[in-house]
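K.L.:
A structural model of the following input is requested.
(one chain, ligands or ions: 1)
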Amino acid sequence: MKNKTRVRFAPSPTGFMHIGNFRSALYDYLFAVHTGGDFILRIEDTDKKRFVEGAVESLLKTLDWAGLEYDEGVFQTTEIKDDNTNVIESKNYPGVLEVGEFGPYIQSEKLEVYKKYAEQLVKDGHAYYCFCEPERLEEMRAEQAAEKRPPIYDRYCLNHVTPDEINAKLKENCSYTIRLKIPKDETLEFEDAVRGKVKFETNLVDDQVLLKSDGFPTYHLANVIDDHDMQITHVIRGEEWLSSTPKHLLLYRFFGWTPPIFAHLPLLLNADKSKLSKRQGDVAVEDYIKKGYLKEAIINFVAFLGWNPGNGETQEIFTLSELADKFDMTHVHKGGAVFDIKKLDWINAQWIKKISILDLYQRSLEFLETKDFYLNAPAEKKAEKYVKKVLSVERARLLKLDEVGEDAKFFFKTALHYDTELLRWKECEDFETKKSLQLSKETLEGMADVDFEFDPENATNEALQRIMQTFMQVAEKNFTDEDGKTDRGQLLWPLRVALTGEQWSPSPFEVAQILGKAESLERLDKAIQKLN
Ligand code: GLU
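P.N.:
Model prediction:
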């Protein structure tokens, strides 16, 4: 039987979740689901300088929001699938749970283990103590920079500190680090699942610090030990970690462990092909959520940042489970992936059209509730059914939820303010405009109340067809010239402006139907008064 794949997402709690990190999490998830494997969440919090309060909790929230369910690791809530699994409360993060048999899943809770392994490497001759003070290291680096040499530790402590001196210094509790002893003159080679054969010259690799002077491991040591302990089969991560891989491979070799399969995902780029950065736009998932991008759209978009389904597939809109069905490593690209915000907008617009009206309404509320035109609207214009009707029309043009209602304010107002001139169609005289508005009024008055009723959650809207046909017939009858050409604008333009007060808006039929017969007539009366 083939071994189950085990994939982990191993973020460091350094702030909001970067889009690049989110992509790693998504690909981890998709690969795990696609291969029927396990998905594990591990927290890599060994860099105390970069730690941000609340970042662990916010990471958990983002994964939960996206629906990237994992089987094992660190959880925020008690929503644990299997009652029999080991569940412990985290020592360092109260309220956070660790679930699974390969814990701790939070690195700051495993310091003793890392230290033991680091000392083992020293004993085996693969690592050494370094007592260099930060000042000395700084001087060394400055010299190397001045001479344009790579910033590599000069092995002073390996070559000049005797075993007796080491023991004495350890006894005196001198501050030290443990460094990996990179073998010289070797070419390290490995097969990357995305990039194929990758080679590194060991002479260019630094003697990486494995254990820091504060007793914490560096990322490299903890990452390798945990991937081994947790029986990870595939490490899927951003290209920025590629240069660390030779160090990791050596650690696997020195510990006598089999390395996992590595897959390094392409860099994310700005439109100008520079590395994706805050300076050119938002990089945190949270920023996009705040702007009203739907999670389905963000997932859909991010999935395509470095992957496509191949096989001549032209479909562009995919649900998370459809993506998991299709996802495979062979279609991950090597080249950088450009973050094209226009594409995200387009995908978001598709998703806004795709979800149910009820769903759209529920997700729009938090945005509407920050807007004055909504807050100041009378109760009947904030009623669920009314807002759903507005959304059923507005969503055809909506790109992001933070724009919700912005082009539809006239639906929420009790009085419209617009320039009388706006009512004029082409070269029409005022009396002609007035006549046209009168005609619209009579037409509306003659229509049945049921024509203004529709269920916004139901796509078929026959009543709207009736309103439209009625007006088209009136236009034909009244505004057709001798050549048989009908100038519909003469009827519909003043009507639409009277109902909306806007130069651009949805069709007057849709607006009238939502406003209802009484309010539409009222707005027509006001327009007629303006012309008096
Ligand atoms: N803790 C690393 C990060 O923050 C994990 C890198 C890896 O997946 O090995 O991205």
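K.L.:
contact residues of the chain facing the ligand?
P.N.:
The chain comes close to the ligand at residues 10-12, 44, 219, 223, 235, 237, 241, as judged by C-beta under 6 Å from any ligand atom. Just so you know, the C-beta spots here come from the backbone N, C-alpha and C atoms, and that holds for glycine as well.
K.L.:
now, those residues that are in strands?
P.N.:
Under the assignment DSSP state E, these contribute 235, 237 to strands.
K.L.:
so Gly73 sits against Leu41, correct?
P.N.:
Yes. Using C-beta atoms under 8 Å, Gly73 is in contact with Leu41, at 3.5 Å.
K.L.:
quickly list what's touching both of these two.
P.N.:
Counting by C-beta atoms under 8 Å, 6 or more residues apart in numbering, the contacts common to Gly73 and Leu41 are 8, 105.
K.L.:
pull the contacting residues for the closest residue to Gly310 other than its chain neighbours.
P.N.:
In space, Gly310 comes closest to His331 once its chain neighbours are excluded; the distance is 4.3 Å by C-beta to C-beta, 6 or more residues apart in numbering. Contacts for His331 (C-beta under 8 Å, 6+ apart) come out as 307-310.
K.L.:
please apply the same query to Leu358.
P.N.:
Leu358 sits in contact with 388, 457, where contact means C-beta under 8 Å, 6+ apart.
K.L.:
SS state for it?
P.N.:
helix (DSSP: H, G, I helix; E, B strand; the rest coil).
K.L.:
now do the buried residues in the lowest-mean-pLDDT helix or strand in the chain.
P.N.:
Lowest by mean pLDDT, DSSP states H and E among the helices and strands of the chain is strand 87-89, with a mean of 91. Going by neighbour count (16 or more other C-beta atoms under 10 Å), nothing in strand 87-89 comes out as buried.
K.L.:
mind giving me the packing neighbours of it?
P.N.:
On a contact count with 3 or more C-beta pairs under 8 Å, 6 or more residues apart in numbering; DSSP states H and E, strand 87-89 meets strand 97-99.
K.L.:
contacts for the strand it packs on, please.
P.N.:
72-78, 80, 85-90, 104-106.
K.L.:
circling back: just the buried ones from the contacts of His331?
P.N.:
307, 309.
K.L.:
what's the closest of the contacts of His331 to the ligand?
P.N.:
Trp307 (17.2 Å; C-beta to the nearest ligand atom).
K.L.:
any idea how far that closest one is from His34?
P.N.:
Distance of Trp307 to His34, computed by C-beta to C-beta, to the nearest Å: 12 Å.
K.L.:
could you do Ala448 as well?
P.N.:
For Ala448 relative to His34 (C-beta to C-beta), the value is 55 Å.
K.L.:
which one's more surrounded, those two?
P.N.:
It is His34, of Ala448 and His34, that has more neighbours when counted by other C-beta atoms under 10 Å, with 16 against 10.
K.L.:
quick one: that one from Pro456, how far?
P.N.:
From His34 to Pro456 the distance is 37 Å (C-beta to C-beta).
K.L.:
quick one: the strands in the stretch 301-450 of the chain?
P.N.:
Remark: strands assigned in the stretch 301-450 of the chain by DSSP state E, counting those that start in this stretch are 337-338.
K.L.:
what does the helix or strand Lys247 falls within contact?
P.N.:
In this structure, Lys247 sits in helix 245-255 according to DSSP states H and E. Residues from elsewhere that reach helix 245-255 (C-beta under 8 Å, 6+ apart): 117, 121, 124, 126-127, 180, 182-183, 188, 190, 198, 200, 202, 205, 208, 220-221, 223-224, 228, 258-259, 262, 264.
K.L.:
try 7 Å
P.N.:
121, 124, 126, 180, 182, 188, 190, 200, 202, 205, 208, 220, 223-224, 258-259, 262 (C-beta atoms under 7 Å, 6 or more residues apart in numbering).
K.L.:
for stretch 140-157, same thing?
P.N.:
Outside of stretch 140-157, the residues within contact range by C-beta under 7 Å, 6+ apart are 128-132, 179, 204, 206-207.
K.L.:
straight-line length of stretch 378-385, end to end?
P.N.:
Criterion C-alpha to C-alpha, to the nearest Å; first-to-last residue distance in stretch 378-385 is 14 Å.
K.L.:
roughly how far is that stretch from the heart of the chain?
P.N.:
32 Å (C-alpha atoms, centre = their mean, to the nearest Å).
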